[in-house]
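Below: sequence and its predicted model.
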Amino acid sequence: MTKADILIVDDEANTLASLSRAFRLAGHEATVCDNAARALELAKSRPFDLILSDVVMPNRDGLALLEDLKNAGVAAPVVMMSGQAHIEMAVKATRLGALDFLEKPLSTDKLLLTVENALKLKRLEVENRDLRSRVGKHEIVWSGDAMRRVMAQIERVAASEARVCIYGETGTGKELVARTLHEKSARRGGPFVTLNCAAVPAELIESELFGHEKGSFTGAAQRHIGKFEQAHRGTLFLDEIGDMPLAMQAKLLRVLEEGEVERVGGDKSIPVDVRVLVATHRNLEDLVKEGKFRQDLFHRVYVFPLVLPPLRQRKEDIPVLLKHFAAQVCSQNGWKPVPFTAEAIESLQRYSWPGNVREMRNVVERLLLLAVSGEVDRSTVELALPEAQSGMPSGGEPGIGPLAPRVAQYEREAILAELQRQQHHITNTAKALGLERSHLYKKCQQLGIEMRAVRGTR
């Protein structure tokens, strides 16, 4: 039987004691509560797998609690129980969203079977939701040897609980690999939660990871559940961990060692069962030597390194990627399929793809919009991506081809190099280049530089 985290609500102390004992003997976790108001508080603060509630209770009864839970957006399935059951009560509970209705005295076997059925239903709902969100979006597309080696490593490590450190340039698909590791693991029925450490201001990252209590700081108008609690019994993916502030690294290390978090402004530790995957485009070993990344945290997260090759090193994958993205874009827009000519594919294979697979997705959409002849040919590629037509790879001969693409390539490479030097901080990059932030934004859009992973964008 799968282990479950269950909230039991009943105003009778004997019932709470006997039910919690039965659940714990069966390997589940049980939290008890004797009134509806407190139950609602607990359900909003923590993701239970199942809520088991009595109907007849003083002040606010179980049916009222059921309505409150629904209005608060609590997703946990609810099973009602009562010693005064009748058809009308059961019908009302079902209409309000109860998963089942049990009559007291309760049979332990019936109770445990109900829990198992609730867990199976929840697992199916999660899988269906994930499947719908993944269709056409979360699929690793490859055909060559470079990615074959990566996929073999993913298969090897996914089923374990080992922490994986995913290395790769911006746009190589690090989050996609993390999702794949989650979906191939024993935790695939649990949540997959992400946090980009480079995109969250230093003063807010602790709250994002661990949550906070109402009133714990200015602007904390209500309790916030952090990423670790959200990922309970699932996977937490920390992207760009190399950009995490040193002070936060120490707190993260404690959570990884002890398996519990404490919300900002809170006074109790909350156990969390989470597999942590991390990713970075930076060399963590160099950061350790420079004193910018804790060595003890490095050894905690660097259990299994997984290196993603840039697109320029997997050019044999370009034809299948083009086909995949073209089908995706056409499906999303209701367009007829648009083929790529052999000459167009050859031109695109000559391009260096500094923005990697993420850049390719954007370029494919641009190509399809410009393909007026019913196919993407070499002239379409030249119009959408002059650098590909001229055959100039990043760092190649700058004196070849027309002036416009040479200027565009120089600007692109200068901006990408400065972004790298400024650790992808947009404000600092704009200052270093002597540009207004808005001007830099426009330049990046014109040159196809992806901005979603860039810091300092707010």
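All right, it came through fine. Only a predicted model underlies this, so the values are computations on that prediction, with no experimental measurement involved.

List the contacts of the residue nearest to A37 when sequence neighbours are not counted.
Leaving aside its sequence neighbours, A37 sits nearest to R60 (C-beta to C-beta, 6 or more residues apart in numbering; 6.4 Å). To be clear about C-beta, it is placed using only N, CA and C from the backbone, and glycine gets the same treatment. Neighbour list for R60: 35-37, 68 [criterion: C-beta atoms under 8 Å, 6 or more residues apart in numbering].

Can you give me the distance of R60 to A26?
Per C-beta to C-beta, to the nearest Å, R60 is found 29 Å from A26.

and what of G215?
In terms of C-beta to C-beta, G215 sits 39 Å off from A26.

Please identify which of these two sits among more neighbours.
Taking other C-beta atoms under 10 Å, G215 and A26 do not tie; A26 has more neighbours (16 against 12).

which residue packs closest to that one, ignoring adjacent ones?
Counting by C-beta to C-beta, 6+ apart, the residue nearest A26 is L112, at 5.6 Å.

can you tell me the helix or strand for that neighbour?
Element membership of L112, judged by DSSP states H and E, is helix 108-134.

related to what we said a few turns ago, mind checking the SS state of the residue nearest to A37?
coil (DSSP: H, G, I helix; E, B strand; the rest coil).

Quick check: next helix or strand after the helix holding L112?
Using DSSP H and E, the helix or strand that follows helix 108-134 towards the C-terminus is helix 145-158.

Which helix or strand lies directly C-terminal to that next one?
Beyond helix 145-158 in the direction of the C-terminus, DSSP H and E gives the next helix or strand as strand 164-167.

That next one - contacts with which helices or strands?
On a contact count with 3 or more C-beta pairs under 8 Å, 6 or more residues apart in numbering; DSSP states H and E, strand 164-167 meets helix 174-183, strand 274-280, strand 304-307.

Buried deepest among those, which one?
Mean neighbour count (mean count of other C-beta atoms under 10 Å) peaks for strand 274-280 among those, with a mean of 24.

Please point out which parts of whichever helix or strand comes after that strand sit buried.
Next helix or strand after strand 274-280 toward the C-terminus (DSSP H and E): helix 284-289. Within helix 284-289, the residues that count as buried by 16 or more other C-beta atoms under 10 Å are 284, 287-288.

And the residue nearest the centre of this protein?
T194 (3.2 Å; C-alpha atoms, centre = their mean).

show me where pLDDT drops low in the chain?
1-2, 85, 125-138, 388-406, 408-409, 450-458 (pLDDT under 70).

Do a quick rundown of the strands in it.
In the chain, the strands defined using DSSP state E lie at 5-9, 29-33, 50-54, 78-82, 100-103, 164-167, 192-196, 234-239, 260-261, 270-271, 274-280, 304-307.

possible to save the ones you listed as CSV with distance to Q222?
Output for these, formatted as CSV (distance: least, C-beta to C-beta, whole Å):
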stretch, distance to Q222
strand 5-9, 20
strand 29-33, 20
strand 50-54, 21
strand 78-82, 23
strand 100-103, 31
strand 164-167, 34
strand 192-196, 20
strand 234-239, 22
strand 260-261, 18
strand 270-271, 17
strand 274-280, 23
strand 304-307, 38
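
F228: which of those is closest?
Nearest to F228 among those is strand 260-261 (4.8 Å), distances taken as C-beta to C-beta.
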